[in-house]
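**Student:** compute the structure for the input listed below.
(2 chains)
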There are 2 protein chains.
Amino acid sequence: MTSGNMLIAQSGGPSMVINQSLVGAVLAARDTSKIGKIYGALHGIQGILDERFIDLRKPSRKTLETVAATPSSALGSVRRKPTAEDCAAIFRVLHARDIRYFFYIGGNDSAETVHIINEEARRAHYGIACFHIPKTIDNDLCENDHTPGFGSAARFVASAIMGDNLDNRALGGVKIDVIMGRHAGFLTAASALARVHPDDGPHLIYLPERPFSLDRFAADVKRVMKRVGRCVVAVSEGICDADGTPIIAKFITETDSHGNVQLSGTGALGDLLARVVKEKAGVSRVRADTFGYLQRSFPGVVSPTDAREARQVGATAVAAALSGKHASGSVAIKRKPGKGYAVTFTIVPLRAVAKNTRHMPAAFINRAGNDVTPAFLDYARPLVGPLPVIGRLT
Amino acid sequence: MTSGNMLIAQSGGPSMVINQSLVGAVLAARDTSKIGKIYGALHGIQGILDERFIDLRKPSRKTLETVAATPSSALGSVRRKPTAEDCAAIFRVLHARDIRYFFYIGGNDSAETVHIINEEARRAHYGIACFHIPKTIDNDLCENDHTPGFGSAARFVASAIMGDNLDNRALGGVKIDVIMGRHAGFLTAASALARVHPDDGPHLIYLPERPFSLDRFAADVKRVMKRVGRCVVAVSEGICDADGTPIIAKFITETDSHGNVQLSGTGALGDLLARVVKEKAGVSRVRADTFGYLQRSFPGVVSPTDAREARQVGATAVAAALSGKHASGSVAIKRKPGKGYAVTFTIVPLRAVAKNTRHMPAAFINRAGNDVTPAFLDYARPLVGPLPVIGRLT
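**Tutor:** Numbers count the residues shown, from 1 in each chain, chains lettered A, B, ... in the order given. As a prediction, the model looks like this:
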C-alpha cells in the first residue's frame, strides 16, 4: 500500500521550534500507510550526500515530544547550497532508496535548495514530492504572515529588553542591544513589545529597512538622554548605510556559500556603536550587548502560539504531499482577517519563497526611521504571547 | 514605641532577586512597632545625598510581591564609593530624619560602603544599626557559602549553554561564550551544569583563578576539535595572563570609582578569542557571544532556592538590627553539613565581607585549569535548581 519512502532534514540556523515542525511531520507520516520508511538525514543535504540517515520510525512518542520541546535542530543542520553535481549525487541516493517524499525545514536559503532539487527531479523525470517547511526567526519569508521560530525569538528579545530596560533604569547611561536580522527588522522591532510604562525602553529602534547614519544615531541618543535621562537602543545586526553597505561589513568579511556576510557571533557592531555614542554624544557610561545565538536557542523561552503553529506546518506539509494535489511547494501561514487572531495554512510555489526576502512593511516603521508603529505592535503581540509582569516602585 | 526610622537602598550591579531582599526587609520592618518611617533611597547613597526618598510603607503587599519577582533594582542603583565628605553629608541627612536602621543591599563594594558609614557613625557617636544585605551574581563574598543572585544567574548561564551546545552540535565549529565574573569564576563554572551527555559542551572552561595563555587555549581547542569534532568554550570575562593582567585590559581601559576595569557590555574579549582560534587552531567557523547583562536581568529565569534565600537575608538583617545583639554586620549564608541541602543565616562583621573577594576553591578546579571538578557540580546543583530537559535523536 505504500507509495514510497520519506526523507526529512533540517537546514539553516536552528530555532526554538524547528523540532516541533520535524515532529509534526514525522507523526503525520507515521499515521499513514502510504509512507514506508522515514529517513532523517543528518545535517541537511550534507547528510543525504554522505548517506547519514536515522530511522524516524524508531523513537518513541515520548522521545519525540521531548525533542519537540528542545531547541536547535535535532537532526543537525548545514549551510550549503547544492551545486548541479550535488543534485545529481542526491538523486542517486534518493532513487536507490525509493524516496518519494522529501521535506526540508528551513528559511529562504533552504527553500531555494528544495526548489533546485525539485527542478532537477523534474528534468530527470524522477517522481518525488518536494516540500519546504518554513522556519526562520528572521520572519522574512515571502507569502507568509509570519514564520515559525519568529514568535519565540521575538519573545526572547522582548523579555530580554524588559529586563535590560530595568537594568539601565537602575544604573543609567546608554545601553545598546544588537539583535539578529540580516535583511529584515522584525526581530529587532519586537523589542518594542517590552514597553509597559511611558519611560520604558527601547527608546530607539534601528532596522535594516532604513538607511543608518552614525551622525543621526548620535543625535537621536542625545535627544533621548535629554528627555529621559537614559537610553536603551535596539539595533539590528543588519543595519546598512545609505549605499546599502552593512555597517558591520567594514569590520568583518567572512561569508558562507550563499554569499552571506557573517553578522552574528561577534560583538563588533555593538562596540562600534558604543564608541560612537561616547565620542559623538558625549555620554560616559555606554554599554553594548549582542544577544547572539541565545535568541534562537534559549531553552524554555517559547511562544505557545509559535510552538503550536510550528507543529502544524510540519503536519500540513506531509498532508499536502500525500494529497497529491501539489507535486511540490512550501507551506505558508496566512492570517485570517477579522478581530481575533487566527491562521490558515496553504501551499505556495517554492519559487515564491525561495531566496527572496520579505521586509518590514512601511506601515510598521515610523517616519523618522527610529521606531515602530502601533500597527506593528498589533501584528506582533499575538505571535509572542503574554510577557512577564513587571513591578515598579517609582 | 518606635526607636527610630529606617532607610534601605540598593547598590552595585542588579540581579534577578535583589528585589526579593528589599521586599523581605520591608515586610519584616512593617511587621514591628519598633520602626517608624521606612525610607527607600533612590540610587543607593546618591539618593541619600540628594534626599531622594520614597515611603516604603505605602506600596500594597501585592505591589511588593510583583516587585520581588521583577529583575533589577527597584530603588535604582549606583556605583559610588563615598568619600569622607559624602559620609559627613549622609550623617546630616540620617540625623535630621532620625534614621536609626540602615540597610544596604549589594556586593563587596557595597559592604565596604556600609563599613565606611558605620565607622563614621561610631566616630560621630551617632547610634545607628548598619547592616549589609548580601547580593552578587559573582558569588564572591567572603564568609558566605554562596550569595543571593548567584543561583539565578547560574541558572541563566547553564540554560544558555544547554541551548548553545545544541546550536553548536547542529552547525559545528567553535563557539566561545564569555560569562560575567571579574575575579571569581563561579558563574562561568556554572556552565558545566549544562552537560547531560558525554559529548555535551562546555568542553573547555576558563576561570579568572588560573592564568590564561592564548597558546594553551588554542592547543586545548585543537584537541577538543579532534576528539569531539566541535567545541563549546565557556570563558570568564575576568581571565588574566600569568602576570595577573586581565586579557581584556589590553583593549579597554574605562574604570569606575572603585577602580574596576569595564569588562561587561563589550564583545571585545570574545572577538579576540575567536580570532585566536581562527589563526592558531586553524578552525574556520568560530563564533563568540558575550552573555552580558542578560545574565543578571532576564525576567523569569530564577532559581527558586535563590529567590527564597534572597527574601530571607533581607528579613534576617531587619531581625538582627531589631534584636540589638549586633550594632552592625553583614548577613551571611552558611551551608549546613550533611547530605541534604540546608542553610542557616548568621551575622558576620562588615570588615570580613567588605571589599574582599572570595575565589573558587582549588578543589573546584581541575588540574589542567580548563574545567571544573565533580565537587563543584555537587556544590552548585542545589543552588540552581532543576534545569530544562533536553531531548536528542542522535
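
**Student:** run a quick neighbour tally on A:K37.
**Tutor:** By the criterion of other Cβ atoms under 10 Å in any protein chain shown, A:K37 has 17 neighbours. To be clear about C-beta, it is placed using only N, CA and C from the backbone, and glycine gets the same treatment.

**Student:** was I right about it contacting A:D55?
**Tutor:** Yes: when contacts are counted by Cβ atoms under 8 Å, A:K37 is listed as touching A:D55 (7.1 Å).

**Student:** so what touches stretch A:43-50?
**Tutor:** Among residues not part of stretch A:43-50, those counted as contacts by Cβ atoms under 8 Å, 6 or more residues apart in numbering or on different chains are A:7, A:9-11, A:41-42, A:52-53, A:75-78, A:80, A:82, A:86, A:89-90, A:93-94, A:104, A:106, A:110, A:113, A:117, B:170.

**Student:** CA atoms only: put that stretch into CSV for me.
**Tutor:** Once side chains and other backbone atoms are set aside, the C-alpha atoms of stretch A:43-50 remain, and they are given as CSV (Å, rounded to 0.1, in the frame of the first residue of the first chain):
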residue,chain,number,x,y,z
HIS,A,43,23.0,17.9,8.8
GLY,A,44,20.7,18.6,5.9
ILE,A,45,21.7,17.9,2.3
GLN,A,46,25.2,17.0,3.6
GLY,A,47,23.7,14.0,5.3
ILE,A,48,21.9,12.9,2.1
LEU,A,49,25.2,13.2,0.2
ASP,A,50,27.0,11.3,2.9
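
**Student:** buried residues in that stretch?
**Tutor:** Within stretch A:43-50, the residues that count as buried by 16 or more other Cβ atoms under 10 Å in any protein chain shown are A:H43, A:G44, A:I45, A:Q46, A:G47, A:I48, A:L49.

**Student:** mark out where each domain of chain A begins and ends.
**Tutor:** Residue ranges for the structural domains of chain A, counted by automatic domain parsing, are given in the record as A:4-148+A:302-353, A:152-300+A:359-384.

**Student:** quick one: those as TSV, columns for mean pLDDT too.
**Tutor:** Putting these into TSV (pLDDT from 0 to 100) gives the following:
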stretch	mean pLDDT
domain A:4-148+A:302-353	95
domain A:152-300+A:359-384	92
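
**Student:** how about TSV for those, with distance to B:D140 added?
**Tutor:** What follows is those, written out as TSV (distance: least, Cβ to Cβ, whole Å):
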stretch	distance to B:D140
domain A:4-148+A:302-353	31
domain A:152-300+A:359-384	19
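
**Student:** nearest to B:A129, of the ones you listed?
**Tutor:** Smallest distance to B:A129 across the domains of chain A (Cβ to Cβ): 25.4 Å, for domain A:152-300+A:359-384.

**Student:** how about the closest one, does it get close to chain B?
**Tutor:** Yes: contact check for domain A:152-300+A:359-384 against chain B, using Cβ under 8 Å from any Cβ of the partner chain: residues in range are A:159-160, A:162-164, A:166-167, A:169-171, A:175, A:264-268, A:270-271, A:274, A:286-294, A:296-300.

**Student:** among those residues, name the buried ones.
**Tutor:** With neighbours counted using 16+ other Cβ under 10 Å, the residues of domain A:152-300+A:359-384 next to chain B contain these buried positions: A:159-160, A:162-164, A:166-167, A:169-171, A:175, A:264-268, A:270-271, A:274, A:286-294, A:296-300.

**Student:** now, these that are in helices?
**Tutor:** Where these overlap with helices, as defined by DSSP state H, the overlap consists of A:159-160, A:162-164, A:166-167, A:169-171, A:268, A:270-271, A:274, A:294, A:296-297.

**Student:** look through the stretch 151-300 of chain A and state the residue closest to chain B.
**Tutor:** Residue of the stretch 151-300 of chain A nearest chain B, by Cβ to the nearest Cβ: A:G267 (1.1 Å).

**Student:** once you drop chain neighbours, what's closest to that residue?
**Tutor:** Ranked by Cβ to Cβ, 6 or more residues apart in numbering or on different chains and with sequence neighbours excluded, the top spatial neighbour of A:G267 is B:G267, at 1.1 Å.

**Student:** next, the contact list for that neighbour, please.
**Tutor:** For B:G267, the residues meeting the contact criterion (Cβ under 8 Å, 6+ apart) are A:T266, A:G267, A:A268, A:G270, A:D271, A:A288, A:T290, B:V178, B:A288, B:T290.

**Student:** list the contacts of the fifth one.
**Tutor:** Read that as A:D271. Each residue near A:D271 by Cβ under 8 Å, 6+ apart is listed here: A:A288, B:T266, B:G267, B:A268.

**Student:** B:V331: which of the buried residues of stretch A:43-50 is nearest?
**Tutor:** B:V331 has its nearest neighbour among those in A:H43, at 52.0 Å by Cβ to Cβ.

**Student:** re earlier: now the buried residues of stretch A:43-50 as a markdown table including secondary structure?
**Tutor:** Compiled in a markdown table, the buried residues of stretch A:43-50 are given as follows (DSSP: H, G, I helix; E, B strand; the rest coil):
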| residue | secondary structure |
| --- | --- |
| A:H43 | coil |
| A:G44 | helix |
| A:I45 | helix |
| A:Q46 | helix |
| A:G47 | helix |
| A:I48 | helix |
| A:L49 | helix |
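
**Student:** just the closest of those residues to A:S21, please.
**Tutor:** Taking the buried residues of stretch A:43-50 together and measuring to A:S21 by Cβ to Cβ, the closest member is A:G44, at 13.9 Å.
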